[in-house]
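Asker: just need the structure, nothing else, for what follows:
(one chain, ligands or ions: 1)
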Amino acid sequence: MEGSFTGPDEYQKYFSPKDYLDTYYSFEHGPSPETEMIKFSLQFLHKVFGPGGIRGETLIDVGSGPTIYQVLAACEAFSDITLSDFTDRNREELQKWLRKDAGAFDWTPVLKFACELEGNSSHWQEKAEKLRATVKRVLKCDVNLGKPLAPVELPAADCVLTLLAMECACCSLAAYRAALCNLGSLLKPGGHLVTSITLQISSYMVGKHQFSCLYITKEEVERAILDAGFDIEQLLHSEQSYSATIAPNKGICFIVARKRSGP
Ligand SMILES: C[S@@+](CC[C@H](N)C(=O)[O-])C[C@H]1O[C@@H](n2cnc3c(N)ncnc32)[C@H](O)[C@@H]1O
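Answerer: Numbering: from 1, shown residues only. As a prediction, this is how the structure comes out:
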């Protein structure tokens, strides 16, 4: 399996930000499993980073792809956010949105939904500006490296966020377990790891290209997080899934974990 797993080269060559966004983040085609999944993720993130939730100064989002939905709640709770992804095109797509380029993806429906959760649905433009001001840098990352942001080294962060990326980046359970330790190295002791992972899926489509996923169960995820030096504070296991024709997962797991201070 490892030999045929789509790795960094395939992501760099074939992962189209536009196809990914149009397939998984567009509200234009009406209600769908994909729009339900976005709403579900935003609700989870609102609970995690909303009133009474996790706060701090620095947050690093790892494997951001071309998306910004994942930091809409967090930008109210952290003052310095780093976005990061392996591919040049995904990082460029993020910069397009940050710069308000004409061709940038339109996140308006997602912004509106995130603001609705905060009880402020008319404030979506202010929210976009707040996020633009809070994202301080967009970096290259590779979760399979001991220092995932190399050559850049940031001070240890209060929170590391990674949604729907580890199962794409890790070709085996051993690689996933090692990558969690790599993410842990970005965090202060006592800092939080917030992650979501699609379960029991071996590949997903972006345009006409198929990308591999690590086929993993909830139990394997839990074990790996504990063994990587975290305590699990929240685990939400849902049957929520994408359209079977594009990403035939069997549910999804959202986890909030805390890096242990000692051994
Ligand atoms: C399914 S997308 C998820 C994007 C976004 N986080 C989201 O929630 O939609 C998977 C992302 O993992 C990134 N990726 C693949 N290999 C990686 C690696 N070794 N290190 C970091 N990111 C990687 C891809 O470039 C892609 O953006």
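Asker: nearest to the ligand: which residue in the stretch 51-200 of the chain?
Answerer: Residue of the stretch 51-200 of the chain nearest the ligand, by Cβ to the nearest ligand atom: residue 65 (2.6 Å). C-betas here are computed from N, CA, C, even on glycine.
Asker: how about that residue, secondary structure?
Answerer: At residue 65 the chain is in coil, as set by DSSP: H, G, I helix; E, B strand; the rest coil.
Asker: show me the contacts for it.
Answerer: Taking Cβ atoms under 8 Å, 6 or more residues apart in numbering, we find residue 65 in contact with 17, 20, 85, 90, 164, 165.
Asker: need the pLDDT of the fourth one.
Answerer: In this prediction, residue 90 carries a pLDDT score of 98.
Asker: next: the third one.
Answerer: We have a pLDDT of 98 for residue 85.
Asker: near the ligand, which residues of the protein?
Answerer: Contact residues, the chain versus the ligand (Cβ under 6 Å from any ligand atom): 8, 11, 15, 63-65, 67, 70, 85-87, 90, 141-144, 163-165, 168-169.
Asker: filter those to the buried ones?
Answerer: The neighbour-count test (16 or more other Cβ atoms under 10 Å) marks 11, 15, 63-65, 67, 70, 85-87, 90, 141-144, 163-165, 168-169 as buried among the residues of the chain next to the ligand.
Asker: narrow the residues you listed to those in strands?
Answerer: 85, 163 (DSSP state E).
Asker: longest single strand anywhere in the chain?
Answerer: Per DSSP E, the chain has its longest strand at strand 187-198.
Asker: which parts of that strand are buried?
Answerer: 187, 188, 191, 192, 193, 194, 195, 196, 197, 198.
Asker: ditto for stretch 12-19
Answerer: So, applying 16+ other Cβ under 10 Å, buried residues of stretch 12-19: 14, 15, 16, 17, 19.
Asker: which members of the residues you listed are the farthest-apart pair?
Answerer: Farthest pair in the buried residues of stretch 12-19 (Cβ to Cβ) is 14 and 17. Separation: 11.4 Å.
Asker: now the helices for the stretch 151-263 of the chain?
Answerer: Using DSSP state H, counting those that start in this stretch, the helices assigned to the stretch 151-263 of the chain run over residues 166-169, 173-184, 218-227.
Asker: which other helices and strands does the second one contact?
Answerer: Okay, so that is helix 173-184. Under the contact definition 3 or more Cβ pairs under 8 Å, 6 or more residues apart in numbering; DSSP states H and E, helix 173-184 sits against helix 166-169, strand 187-198, helix 218-227.
Asker: what would the ones you listed look like in a markdown table with mean pLDDT and distance to residue 153?
Answerer: As requested, the helices and strands packed on helix 173-184 are exported to a markdown table (pLDDT from 0 to 100; distance: least, Cβ to Cβ, whole Å):
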| stretch | mean pLDDT | distance to residue 153 |
| --- | --- | --- |
| helix 166-169 | 98 | 20 |
| strand 187-198 | 98 | 13 |
| helix 218-227 | 98 | 24 |
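Asker: since that was my last question, I'll sign off now.
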